[in-house]
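Peer 1: Provide a 3D model corresponding to the input given below.
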Amino acid sequence: MTIINALNWRYATKRMNGKKIPKAKLDSILDAISLAPSSFGLQPYSILVVEDEAILSRMKAIAMMQPQITEASAVLIFAAWDKLTLERIDAYIQLVAKERNVTLDSLKQMKGYIENQLKNSDSDNLTWSAKQAYIALGVGLVAAALEEVDSTPMEGFDHTKLDELLNLRSRGLCSSVLLALGYRDDFNDYLVHLKKVRRSKDNLFLHFH
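Peer 2: Predicted coordinates for the structure are as follows:
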């Protein structure tokens with residue numbers, strides 16, 4: 001399946017049938033998400049992979065009783081760092097030095113660029129981190145489509161209550177967006193046979209030559 005065919009095939013699935021995603025397919029989607037670009041390559045977020053039925057049931061009540069939560073095979077929670085800290089920056093620079101086999105001294109300039117973010121407020125940095133998480137979400141949507149796994153990005157949930165349920169604040173995280181993964185329910189999903197509607201490319205893209 002080409003990427004265009006895959007994106008034409010996918011839609012925001014409203015009902016899923018509970019079928020489990022093969023581990024190889026889920027791992028492929030997670031691998032793709034791990035390769036998503038982010039500012040400085042920092043990945044200022046974590047992704048929780050929730051498959052536990054009891055947790056998903058409690059999440060459903062927090063997410064406006066949307067059925068995909070419990071009908072999905074897994075729900076990914078993209079959770080942004082609540083704060084950018086020197087400790088988190090140092091840990092990343094240490095990782096870069098190790099993986100690229102370079103000295104910490106050679107990374108001083110890079111580290112300085114990242115530390116400039118500390119001039120921003122915690123609120124601004126949380127927004128910045130959440131934007132990076134959304135890039136990873138986009139990669140996850142495309143990867144799922146290529147694996148012929150249905151998906152639904154979801155913002156309709158109580159962030160505070162979800163953070164409390166999973167003790168995210170103790171991990172220095174704030175939930176940003178959800179991604180339900182599973183398989184469409186052809187009988188109960190009203191969207192399944194509807195034509196995809198997008199603005200025309202002439203209207204969407206503004207070219208400057």
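
Peer 1: longest strand of this structure?
Peer 2: As assigned by DSSP state E, the longest strand anywhere in the chain is strand 173-182.

Peer 1: which other helices and strands contact it?
Peer 2: Contacts defined by 3 or more C-beta pairs under 8 Å, 6 or more residues apart in numbering; DSSP states H and E place strand 173-182 against strand 45-50, helix 68-71, strand 74-81, helix 122-146, strand 150-154, helix 159-165. Just so you know, the C-beta spots here come from the backbone N, C-alpha and C atoms, and that holds for glycine as well.

Peer 1: Make a markdown table out of those and add mean neighbour count, distance to residue 186 and mean pLDDT.
Peer 2: Formatted as a markdown table, these follow (neighbours: other C-beta atoms under 10 Å; distance: least, C-beta to C-beta, whole Å; pLDDT from 0 to 100):
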| stretch | mean neighbour count | distance to residue 186 | mean pLDDT |
| --- | --- | --- | --- |
| strand 45-50 | 18 | 25 | 98 |
| helix 68-71 | 23 | 13 | 98 |
| strand 74-81 | 24 | 20 | 98 |
| helix 122-146 | 19 | 17 | 98 |
| strand 150-154 | 23 | 11 | 98 |
| helix 159-165 | 16 | 30 | 98 |
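
Peer 1: closest to residue 114 out of those?
Peer 2: Closest approach to residue 114 among the helices and strands packed on strand 173-182 is made by helix 122-146 (11.0 Å; C-beta to C-beta).

Peer 1: Tell me which residues touch residue 110, please.
Peer 2: Taking C-beta atoms under 8 Å, 6 or more residues apart in numbering, we find residue 110 in contact with 40, 93, 96.

Peer 1: that's a helix at it, yeah?
Peer 2: Yes - per DSSP: H, G, I helix; E, B strand; the rest coil, residue 110 lies within a helix segment.

Peer 1: Mind pulling up the pLDDT for the residue lying farthest from the centre of the chain?
Peer 2: Here the chain reaches farthest from its C-alpha mean at residue 209, the gap being 34.1 Å by C-alpha atoms, centre = their mean. Per-residue pLDDT puts residue 209 at 94.
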